[in-house]
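Visitor: Got a predicted model here, sequence first, then my questions.
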Amino acid sequence: MKTVILIGAQGKMGQAALSGLKQHRVITASRSGDSCDFQVDITDKDSIKQLFKNVGDFDAVVNTVGHCEYAPFQTMTDDQWHTTIQSKLIGQINVVKVGIDYIKDSGSFTLISGILNVKPIPQAIADATTSGAIDTFVKCVANELPRGIRINVVNPTVLEEAWDIYGEMMPGFQPVPGQLVGKAFERSVDGFITGQVLFVDA
Ligand SMILES: NC(=O)c1ccc[n+]([C@@H]2O[C@H](COP(=O)([O-])OP(=O)(O)OC[C@H]3O[C@@H](n4cnc5c(N)ncnc54)[C@H](OP(=O)(O)O)[C@@H]3O)[C@@H](O)[C@H]2O)c1
């Protein structure tokens, strides 16, 4: 059994990840902290540091947080770009940057991206761009992590559990059950792979 910190645990992707982490001791966190063990804001490095200090020893971090703004490219504001980049890109990078100082030897990080960087749809340019950047970050930074630390990213299509929110934006997409996406998180945490983008698509 490993100690796994799951950030964004109460979200739809967090619940999907949780389904693949059943054999572990999972410590949950989110921005509000509602129904979680800890509060954390991934856009704030001090907050991330405080989370890792408070938890103590841990083997893995699974981050399922990455807020994205949706609008057509021509009307997307600087603020919307900034908000998306600070959360889905810089926030996730900082979870790794800060976490390296606290995670155990041979620990692992698992981040979140999303299928829209390879299957674009209207209004999702910020999500697609930051998802692509996170996939690249993971593939490349895996070569620089010390002490046998691994890193992967799960790149899923839309969840069945989120189809009521995103379905209208995504004609022709086939949603997948959260449990299937949970398997990708499980493969990342329990396997020996590193630097991989784990696509889950139908
Ligand atoms: N849902 C899908 O079908 C799907 C498919 C592919 C990829 N994704 C990606 O998965 C990610 C999560 O999506 P979701 O559907 O799970 O969203 P969600 O249901 O809205 O959940 C978001 C979670 O993130 C937490 N959160 C938001 N901002 C935070 C911050 N700054 N610091 C810490 N926690 C924060 C929220 O915590 P509080 O509630 O406490 O604020 C909540 O637990 C997104 O990047 C999305 O693009 C989603």
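Guide: Now that the structure is in, tell me what you want to look at. Residues are numbered from 1 along each chain as shown.

Visitor: Show the residue spans covered by the strands in the chain.
Guide: Ranges of strands within the chain are 3-7, 25-30, 38-39, 60-63, 108-112, 150-156, 196-200, based on DSSP state E.

Visitor: of all those, which lies closest to K183?
Guide: When those are compared by C-beta to C-beta, strand 196-200 sits nearest K183, at 7.8 Å. Where C-beta positions appear, they are placed from N, C-alpha and C, glycine not excepted.

Visitor: how far out from the middle of the chain is that closest one?
Guide: Centre-to-centre, strand 196-200 and its host chain are 12 Å apart (C-alpha atoms, centre = their mean, to the nearest Å).

Visitor: Only alpha carbons, please: show that strand as CSV.
Guide: Written as CSV, here are the backbone C-alpha positions of strand 196-200 (Å, rounded to 0.1, in the frame of the first residue of the first chain):
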residue,chain,number,x,y,z
GLN,A,196,4.3,8.6,-20.8
VAL,A,197,1.1,10.1,-22.0
LEU,A,198,-1.6,7.6,-21.1
PHE,A,199,-4.4,8.2,-23.6
VAL,A,200,-7.9,6.9,-22.7
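
Visitor: Would you give the sheet partners of that strand, along with the direction of each?
Guide: Under the criterion DSSP bridges, strand 196-200 sits next to strand 150-156 (parallel) in its sheet.

Visitor: what pLDDT does the residue of the chain found nearest the ligand get?
Guide: Proximity of the chain to the ligand (C-beta to the nearest ligand atom) peaks at G11, 2.2 Å away. pLDDT recorded at G11 is 98.

Visitor: do the same with K53
Guide: Per-residue confidence (pLDDT) for K53: 98.

Visitor: Tell me which residues touch it, please.
Guide: Y102 (C-beta atoms under 8 Å, 6 or more residues apart in numbering).

Visitor: if I pick the closest residue to K88 other than its chain neighbours, what's in contact with it?
Guide: Computed as C-beta to C-beta, 6 or more residues apart in numbering, the closest residue to K88 that is not its neighbour in sequence is G66, at 3.3 Å. By C-beta under 8 Å, 6+ apart, the contact set of G66 is 87-89, 91-92, 112-114, 130-131, 134.

Visitor: And for I115?
Guide: 131, 155-158, 199, 201.

Visitor: swap in G178?
Guide: 12, 15-16, 19, 159-161.

Visitor: could you redo the last one with a cut-off of 7 Å?
Guide: G178 makes contacts with 15-16, 19, 159-161, as judged by C-beta atoms under 7 Å, 6 or more residues apart in numbering.

Visitor: per-residue pLDDT, the closest residue to it other than its chain neighbours?
Guide: Nearest non-adjacent residue to G178, counting by C-beta to C-beta, 6+ apart: A16, 3.4 Å away. Looking at A16, its pLDDT is 98.
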